[in-house]
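Student: No letters, just coordinates:
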């Protein structure tokens, strides 16, 4: 919840976050060994996001119109929303 607030400006109670999974495959990120713990939550329609300190931009994308994603981020999204996996560019 703290990282979500820091990176997007969204105030979400930690109790509303659902852990999706741990993503730790060697080589998943060419910059080095990274382990990510992904969470999901629902937010009301119309909620705005603001880029945080190390993000250039923050915005919402429809799951059926996502841009090309880096690394294994399409796999992370598919873990939450399997229907999106077919249309995600990697």
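Tutor: Received it, and whenever you're ready, just let me know what you need. Keep in mind the model is a prediction, meaning the values are calculated, not measured.

Student: mind listing the helices in this protein by residue range?
Tutor: With helices called from DSSP state H, the chain shows them at 2-8, 73-80.

Student: Rounded mean pLDDT for the last one, please.
Tutor: It stands for helix 73-80. Helix 73-80 shows an average pLDDT of 90 in the prediction.

Student: and what of stretch 29-38?
Tutor: Across stretch 29-38, the average pLDDT comes to 93.

Student: Same question for that stretch: list its buried residues.
Tutor: Residues of stretch 29-38 classed as buried: 29, 38 (neighbour count, 16 or more other C-beta atoms under 10 Å). Yep, even glycine has a C-beta here, placed from its N, CA and C like the rest.

Student: can you list the helices of the chain in JSON lines and add mean neighbour count?
Tutor: Formatted as JSON lines, these follow (neighbours: other C-beta atoms under 10 Å):
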{"stretch": "helix 2-8", "mean neighbour count": "13"}
{"stretch": "helix 73-80", "mean neighbour count": "17"}
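
Student: do you know which of those helices lies nearest residue 27?
Tutor: Taking C-beta to C-beta as the measure, those were each checked against residue 27, and helix 73-80 came out nearest at 12.9 Å.

Student: Present the helices of the chain as CSV; the columns should include distance to residue 57.
Tutor: Below are those laid out as CSV (distance: least, C-beta to C-beta, whole Å):
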stretch, distance to residue 57
helix 2-8, 11
helix 73-80, 15
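
Student: who wins for proximity to residue 36 among these?
Tutor: The closest of the helices of the chain to residue 36 is helix 73-80. By C-beta to C-beta, the value is 7.1 Å.

Student: Relative to the whole chain's centre, how far out is the closest one?
Tutor: Helix 73-80 has its C-alpha centroid displaced from the chain centroid by 8 Å (C-alpha atoms, centre = their mean, to the nearest Å).

Student: Return the list of helices and strands in contact with it.
Tutor: Contact partners of helix 73-80 among helices and strands, from 3 or more C-beta pairs under 8 Å, 6 or more residues apart in numbering; DSSP states H and E: strand 18-23, strand 36-40.

Student: got the contact list for residue 8?
Tutor: When contacts are counted by C-beta atoms under 8 Å, 6 or more residues apart in numbering, residue 8 touches 49-52, 55, 58.

Student: Alright, that wraps it up for me.
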